[in-house]
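Colleague: from the sequence below, what's the structure:
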Amino acid sequence: MNRVKVWDPLVRVFHWSLAIAVLGNFLNEEGAIWHRWEGYTALGIVCLRIIWGFIGSRHARFSDWFPSPKRVIPYVQAMRRGEHPRFLGHNPAGAVMMLFLLIMVLAMGGTGYMMGTDAFFGEEWLEELHEVLAYTLLSGAGLHIAAALLESWRHKENLPAAMIHGYKRAEIPDIKEEHS
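Modeller: Take a look at the predicted model:
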């Protein structure tokens, strides 16, 4: 089987480091100092990933995967017809999820930071918003995991393993590689 390197080391380290930071922060909710620094770490990872989205390798760049209507609508239409197009990088649904998760981490970091400032310390509405964002982020991560497993099964390709070693099958029988 021909394989091609899709996920560069920074993308893979970003992915798993962010997963660990989010899970660790959820499990360490009461450990104020560790919780805060894990949150700052997650924010830093997301900021680094945003920069890498402009200067990184081909499949890391926003230009390759950003979920524009021109990419998402045909993908959803194909899915409704029972087709399951395969992409080397993120498919459009995965791109929507990736963008959602990045935004959620930024929102979590923003509300977490605000709770530590004099202006917002002890504000109940902000604490409740932070909690709602946390559960929304975890729900999105759960959906992301389920979708990765489903797509792994559909395409007979271990996507979690690809996010460890970086390689995927080279052939793309279902779609054109150009997303334009």
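Colleague: what comes up buried for stretch 10-28?
Modeller: Using 16 or more other Cβ atoms under 10 Å as the test for burial, stretch 10-28 gives 11-12, 14-15, 17-19, 21-22, 24-25. C-betas here are computed from N, CA, C, even on glycine.
Colleague: nearest to L43, of those residues?
Modeller: The closest of these to L43 turns out to be A21 (Cβ to Cβ; 9.2 Å).
Colleague: so which residues of this protein form helices?
Modeller: Taking DSSP state H, the helices of the chain run over residues 9-27, 32-55, 62-65, 69-80, 92-115, 124-155, 159-165.
Colleague: ok, now how distant is the residue most central in space within the chain from F62?
Modeller: Residue closest to the mean C-alpha point of the chain, counted by Cα atoms, centre = their mean, is M98 at 3.3 Å. Applying Cβ to Cβ, to the nearest Å, the value for M98 to F62 is 10 Å.
Colleague: for the residue lying farthest from the centre of the chain, what are its contacts?
Modeller: What lies farthest from the middle of the chain is D118; by Cα atoms, centre = their mean that is 31.9 Å. By Cβ atoms under 8 Å, 6 or more residues apart in numbering, the contact list for D118 is empty.
Colleague: give me phi/psi at it?
Modeller: The phi/psi pair for D118 (degrees, to the nearest 10) reads phi -60, psi -40.
Colleague: per-residue pLDDT, it?
Modeller: The score at D118 is 90. That number is its pLDDT.
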